[in-house]
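J.: need a 3D model of the following:
(one chain, ligands or ions: 2)
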Amino acid sequence: MSGTFQIRGGKRLQGEITPQGAKNEALQILCAVLLTDEEVRIKNIPDIHDVNRLIEILGDFGVKVTKNGHGDYTFKADKVNFDYIKSNEFKKDGAKLRGSIMLMGPMLARYGEAYMPTPGGDKIGRRRLDTHFQGLVELGAEFHYDEEEFFYSLKAKELNGKFILLEEASVTGTANIVMAAALAKGKTRIYNAACEPYLQQLCKMLNRMGANISGIGSNLLTIEGVDYLHGTEHTMLPDMVEIGSWIGLAAMTKSEITIKNVNWNQLGVIPNTFRKLGIQLEQSNDDIFIPTQENYRIQKFIDGSILTVSDAPWPGFTPDLLSIILVVATQAKGSLLVHQKMFESRLFFVDKLIDMGAQIILCDPHRATVIGLNQETPLRGTTMVSPDIRAGNALLIAALSAEGKSIIHNIEQIDRGYENIDGRLKAIGADIERI
Ligand SMILES: CC(=O)N[C@H]1[C@@H](OP(=O)(O)OP(=O)(O)OC[C@H]2O[C@@H](n3ccc(=O)[nH]c3=O)[C@H](O)[C@@H]2O)O[C@H](CO)[C@@H](O)[C@@H]1O
Ligand SMILES: C=C(OP(=O)(O)O)C(=O)O
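T.: Ligands and ions are numbered 1, 2, ... in the order given. As a prediction, this is how the structure comes out:
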C-alpha cells in the first residue's frame, strides 16, 4: 500500500477544471509507436503512473524517447532490444499495468515475435485475453503460454489478413489486432470490433501513418495491410472518465463547476446518463457547466419502474464510470439499480459507502440497489483503502461530500489514472492533503 489522502469534506467547490488527456487512449497510442522506425510525436499525454510506466518500458526496449514539454513526447523506434523483452526485468515491468498487452500486436507485426507477462491493471474480476490471442493467431501467429512463468509468446514469419469474428468486443483486443493487421499482407476484416472513441483515435492515427483502415467508428473494421508505416503527430482526447467524475463531484458537493474542453461529440451517452439522475448540466461551446443544485431526482423508466444504469460496449455506457454513478446516486432523491455486467468484482467497494451511511443493497456481485438520501443526511467521513482506480476516485468524491475527516489509503491506485488530482481539486476549493 502506498500513499494516503486526508480529506475534510462537506465544502462546496467552485471553478473550472480541465480534464487530462485520456489514459486509455494514451496506452493504445503509445504502443503504436513501435509500428514505425520514424518519429512519432504525441501530445496531451497524461502524467500518470500507468502511462509513465509504459513510456519507461518503451525506453528500456530501446525506443528513443524525447520529452518536448508537459505531456508532449517524441518516440523513435528505429532500434529495439529484444534482450530486455525476454528478461526478468520486463516480466516485472510489463506485469504492472494492463495497457502493456497492446505492445504485442505491434511487436509481432514489425519483428515477427512478441513476448508479454500476464498484464496487471485493476483487480476487478477475471480479465481474459483470449480475444487478443485468437485474433493474432488467426492472422498467422503461433501462440505459446508458459504457465509457470505466466509468460505469453507469439511468433509469425508473416501475417496474412482474413475475416475475424471476435467473440467479444474487447477494447484492447481490437487495438492489438488492428495494429498487427495494419502491417499484415492483404485484407483483414474485424467484425464485432470495439468502436469507442479511443480506438477510433488509434485507427485515425494509423491512417495518418499510411495505414488503410475503413469502417472507423463501426463494429466492422476493414484493414488493407501495407508494407510500411511512417511517423506522425497525434493529440490525445480529453479523458471521458474524468469528465464524468467531475460531473458527479459537482452534484455530490452541490458545487458550480465548469469542465473545460470536453470534446462533447465524443462523450456518447455519458451526459444524458447523468441527466437521468436529475443532474443539470449544460453544454456551453465545448465546456460543460454544472450549476449548483441543492437536490437532484432520479428519473424512472416510462412504465414507472426503477431506473437501471448498466455498462455495455461502446456506444453503451462505459463500465469505468459506473462507480461514479453509484456514488452520485447515494445522495439523489429516488432509487437506482446499478448493473455492472462486464466485471464481476467491481462493486464490492459499496461496503465503504455503507460505512459512510449510504443506503445500498448489494444484490449480487454485479448489481447494487441505491436508495438516495436526497442530500438530507450527509455521508460521514471515515478511513478507507482505495481498491481500484475508479472505485478509488468514487470514494474520493464521497469523502469530499461527507461530513468530517476521511482518510484514503493506497492512493497509488488513484494516481495510476488521475494526474495531480489533489492539486487540481485544491484549485477549485477542496480540502485535500497527501500525507
Ligand atoms: C487499458 C484499457 O483500455 N482498459 C479498458 C479496457 O479494458 P480491456 O480491453 O481489458 O477490456 P475488454 O474490452 O477486453 O473487456 C472488459 C470486460 O468486459 C467483458 N466484455 C467485453 C466485451 C463484450 O462485448 N462483452 C463482455 O462481457 C470482458 O469479458 C471483460 O471482462 O476496456 C474496458 C471496457 O470498456 C475498460 O473497463 C478498461 O478501462
Ligand atoms: C480498468 C481500468 O484500467 P486498466 O484496464 O488499466 O486496469 C480503468 O481504466 O478503469
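J.: what does the stretch 251-400 of the chain have sitting close to ligand 1?
T.: 313, 318-320, 342-343 (CB under 6 Å from any ligand atom). Yep, even glycine has a C-beta here, placed from its N, CA and C like the rest.
J.: for these, which one is nearest Gly62?
T.: The shortest gap between Gly62 and any of those belongs to Asp320, at 32.3 Å (CB to CB).
J.: neighbours around that closest one, how many?
T.: 24 (other CB atoms under 10 Å).
J.: just checking, it touches Arg390?
T.: Yes - counting by CB atoms under 8 Å, Asp320 touches Arg390, with 5.3 Å between them.
J.: quick one: common contacting residues for these two?
T.: Counting by CB atoms under 8 Å, 6 or more residues apart in numbering, the contacts common to Asp320 and Arg390 are Val241.
J.: taking the stretch 101-250 of the chain, what residue is nearest to ligand 2?
T.: Ligand 2 sits closest to Gly121 of the stretch 101-250 of the chain, with a gap of 2.7 Å, by CB to the nearest ligand atom.
J.: would you mind naming what in the stretch 101-250 of the chain lies close to ligand 2?
T.: Proximity of the stretch 101-250 of the chain to ligand 2, by CB under 6 Å from any ligand atom, involves residues 121-122.
J.: pLDDT weak spots in this structure?
T.: Applying pLDDT under 70 to the chain picks out residues 1.
J.: which of the residues of the stretch 251-400 of the chain next to ligand 1 lies closest to Arg424?
T.: Closest to Arg424, out of all of these and judged by CB to CB, is Asp320, at 18.7 Å.
J.: okay, now the nearest residue to that closest one once chain neighbours are set aside: neighbour count?
T.: Counting by CB to CB, 6 or more residues apart in numbering, Asp320 lies nearest to Val241, which is 4.7 Å off, once chain neighbours are set aside. Residues lying near Val241 (other CB under 10 Å) number 23.
J.: host element of Val241?
T.: helix 240-252 (DSSP states H and E).
J.: next one: that helix to chain centre, how far?
T.: Here helix 240-252 is found 14 Å from its chain centre; the criterion is CA atoms, centre = their mean, to the nearest Å.
J.: do the same with stretch 273-281
T.: Averaging C-alpha positions (CA atoms, centre = their mean) puts stretch 273-281 22 Å from its chain's average.
J.: going by neighbour count, list what's buried in it.
T.: 273-274, 276-279, 281 (16 or more other CB atoms under 10 Å).
J.: this structure - how does it break down into domains?
T.: 4-20+238-434, 23-235 (automatic domain parsing).
J.: could you work out the end-to-end span of stretch 134-142 for me?
T.: Stretch 134-142 has its terminal residues 10 Å apart, counting by CA to CA, to the nearest Å.
J.: what does it contact?
T.: Residues outside stretch 134-142 that contact it (CB under 8 Å, 6+ apart): 104-105, 108, 114, 143, 154-162, 164, 166-167, 173, 176-177, 180-181, 184, 188, 190.
J.: buried members of those into PyMOL, please.
T.: The PyMOL command for the buried members of those (criterion: 16+ other CB under 10 Å) is given here:
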select buried, resi 104+105+108+114+154+156+159+161+164+166+173+176+177+180+181+184+188+190
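J.: which ones among the contacts of stretch 134-142 lie within strands?
T.: 114, 143, 154-155, 164, 188, 190 (DSSP state E).
J.: which one of those residues is nearest ligand 1?
T.: Closest to ligand 1, out of all of the ones in strands among the contacts of stretch 134-142 and judged by CB to the nearest ligand atom, is Ile190, at 13.3 Å.
J.: skipping adjacent residues, who's closest to that closest one in space?
T.: Leu221 is the one closest to Ile190 (CB to CB, 6+ apart), at 4.6 Å.
J.: wait, is the one you found part of a strand?
T.: Yes - Leu221 forms part of a strand when assessed by DSSP: H, G, I helix; E, B strand; the rest coil.
J.: can you list the residues of the stretch 1-150 of the chain near ligand 1?
T.: Residues of the stretch 1-150 of the chain lying close to ligand 1 by CB under 6 Å from any ligand atom are 24, 27, 98-99, 127.
J.: turn those into JSON lines, including secondary structure.
T.: Below are these laid out as JSON lines (three-state DSSP):
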{"residue": "Asn24", "secondary structure": "helix"}
{"residue": "Leu27", "secondary structure": "helix"}
{"residue": "Arg98", "secondary structure": "coil"}
{"residue": "Gly99", "secondary structure": "helix"}
{"residue": "Arg127", "secondary structure": "coil"}
